[in-house]
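Peer 1: 3D, please:
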Amino acid sequence: MHQNQNQIKIIAGNSHLELAESIASKLSIKLAKIGAFQYTNNETAVSVGESVRDEDVYIIQTGCGYTSINNFLMELLMIINACRIASARRITAVIPNFPYARQDKKDKSRAPITAKLVANLLTTAGCNHVITMDLHASQIQGFFRTPVDNLYAEPIVLRYIKENYSSKDIIIVSPDAGGAKRVASIADKLDVNFALIHKERARANEVSRMVLVGDVSDKICLLIDDMADTCGTLCKAGDILLDNKAQKVVALVTHGIFSGEALDKLNNSKLDKIVCTNSLPLGDKMAKCSKIEVLDISATLAEAIRRLHNGESVSYLFNNAIA
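Peer 2: Numbering: from 1, shown residues only. Alright, predicted model coming up:
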């Protein structure tokens, strides 16, 4: 009797076609045909252009765009549902930057836990598995009833630091107390010291006062964070480090969101450069800000897809950078 060997199908949403194409080329397969567009009344419409029956489907869609993040989320849910109805064997959502990840707790009365709501929506649409990168809080994995593989940019960041800096010249710095664990892990692996900036907020997204803990004099400071959104914190942190006699300051972040006036702030800041992954599309932003440098995560995501499809362990990717 003929045994059906299910194949990988990679479907790209409209949020980051460049990343999807890069992942597909590393797996030596073509992107599946899909139509995802908006009607004139702004309703999203989706149709998968080839059979996915009994196949292993990976949908690549990242959370990005000031006005379009909700459109892309809706598009992702509709593609998942279209594949579920079309009898796909397993549907995995590859979401490098998880939308609404910062709304992961009830921090004031009568506030929603939106990250949990997004998890419920993905599961209801028919998603069997999620691959994401550097979740704002690892506990978000517990919001799902399906498995979540939270990959880390840390191995790629470590490789970048080793290739570009001497360990005796650098100090790793966290721009806030929340990132202390992430920074301590990188500092341990490089066998260098780390410093911490404590910030007091007047109100959300606005920092009032920052205090440096640690000695950064004559060092190249590597500011590590999971996302750069308005960049206010990073720019202020850069000023404080240079005021404390740092040699220069380089920011390394996973998700370069750069919303609002972030690019103007970076251009006018004392930061030497900001290095981020291509978890979000950055083409237009790099044209406006020469300080942005990009690390490619497509090889890591492609390897995670290959390992999942073949039933291999994904934990190798937690400590090893894929070329």
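Peer 1: where's the residue minimising distance to the centre of the chain relative to Gln247, distance?
Peer 2: By Cα atoms, centre = their mean, the mean C-alpha position of the chain lies nearest to Asn97, the distance being 3.6 Å. According to Cβ to Cβ, to the nearest Å, Asn97 and Gln247 sit 31 Å apart. Heads up, the C-betas are built off the backbone N, CA and C, glycines and all.
Peer 1: Check Leu212 too.
Peer 2: From Leu212 to Gln247 the distance is 15 Å (Cβ to Cβ).
Peer 1: now swap in Thr132 and tell me
Peer 2: Distance from Thr132 to Gln247, by Cβ to Cβ: 35 Å.
Peer 1: Show me which of the two is the more surrounded one.
Peer 2: Between Thr132 and Gln247, counted using other Cβ atoms under 10 Å, Thr132 has the larger neighbour count: 22 against 16.
Peer 1: so that one, which of the three states?
Peer 2: Classification of Thr132 using DSSP: H, G, I helix; E, B strand; the rest coil returns strand.
Peer 1: just checking, it touches Ile95?
Peer 2: Yes. Counting by Cβ atoms under 8 Å, Thr132 touches Ile95, with 5.0 Å between them.
Peer 1: so where do the strands sit in the chain?
Peer 2: 8-12, 34-38, 44-48, 56-60, 90-95, 129-133, 148-151, 170-174, 194-203, 206-213, 220-228, 248-256, 273-277, 292-295 (DSSP state E).
Peer 1: Distance to Val157 and mean pLDDT added to those, as CSV?
Peer 2: Output for those, formatted as CSV (distance: least, Cβ to Cβ, whole Å; pLDDT from 0 to 100):
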stretch, distance to Val157, mean pLDDT
strand 8-12, 26, 96
strand 34-38, 32, 92
strand 44-48, 35, 95
strand 56-60, 22, 98
strand 90-95, 20, 98
strand 129-133, 12, 97
strand 148-151, 12, 96
strand 170-174, 10, 96
strand 194-203, 14, 81
strand 206-213, 22, 78
strand 220-228, 7, 95
strand 248-256, 5, 96
strand 273-277, 8, 97
strand 292-295, 7, 96
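Peer 1: Okay, now the unreliable bits of this structure?
Peer 2: 1-6, 201-202, 204-208 (pLDDT under 70).
Peer 1: any idea how it splits into domains?
Peer 2: 8-153+298-318, 154-295 (automatic domain parsing).
Peer 1: count of neighbours near Tyr160?
Peer 2: Neighbours of Tyr160 using other Cβ under 10 Å come to 17.
Peer 1: Excluding chain neighbours, what is closest to it?
Peer 2: Leaving aside its sequence neighbours, Tyr160 sits nearest to Leu295 (Cβ to Cβ, 6 or more residues apart in numbering; 5.9 Å).
Peer 1: Please list all residues in contact with Ile95.
Peer 2: With contact set as Cβ atoms under 8 Å, 6 or more residues apart in numbering, Ile95 has these partners: 61-63, 76, 130-132.
Peer 1: Can you tell me which of the residues you listed lies closest to Leu31?
Peer 2: Leu31 lies nearest to Gln61 out of these, by Cβ to Cβ, at 12.7 Å.
Peer 1: What about that closest one, how many residues nearby?
Peer 2: 27.
Peer 1: Surely it is in contact with Leu17?
Peer 2: No. Taking contacts as Cβ under 8 Å, Gln61 lies outside contact range of Leu17: 10.4 Å.
Peer 1: how much space between the closest residue to Pro155 other than its chain neighbours and Asn267?
Peer 2: Nearest non-adjacent residue to Pro155, counting by Cβ to Cβ, 6+ apart: Ala321, 3.9 Å away. Taking Cβ to Cβ as the criterion, Ala321 is separated from Asn267 by 30 Å.
Peer 1: One more: Ala88?
Peer 2: From Ala88 to Asn267 the distance is 45 Å (Cβ to Cβ).
Peer 1: How about Lys9?
Peer 2: 42 Å.
Peer 1: Which residue of these two possesses the greater neighbour count?
Peer 2: Lys9 (23 against 13).
Peer 1: is the more buried one in a bridge, and if so with what?
Peer 2: Under DSSP bridges, the beta-bridge partners of Lys9 are Val57.
Peer 1: Which residues are in contact with it?
Peer 2: Per Cβ under 8 Å, 6+ apart, neighbours of Lys9: 32, 50, 52, 55-58, 88.
Peer 1: which residues sit against stretch 69-83?
Peer 2: Contacts with stretch 69-83, where a contact means Cβ under 8 Å, 6+ apart, come from 11, 13-15, 34, 36, 38, 44-48, 52, 57, 59, 61-65, 91, 93, 95, 99, 118, 121-122, 125-127.
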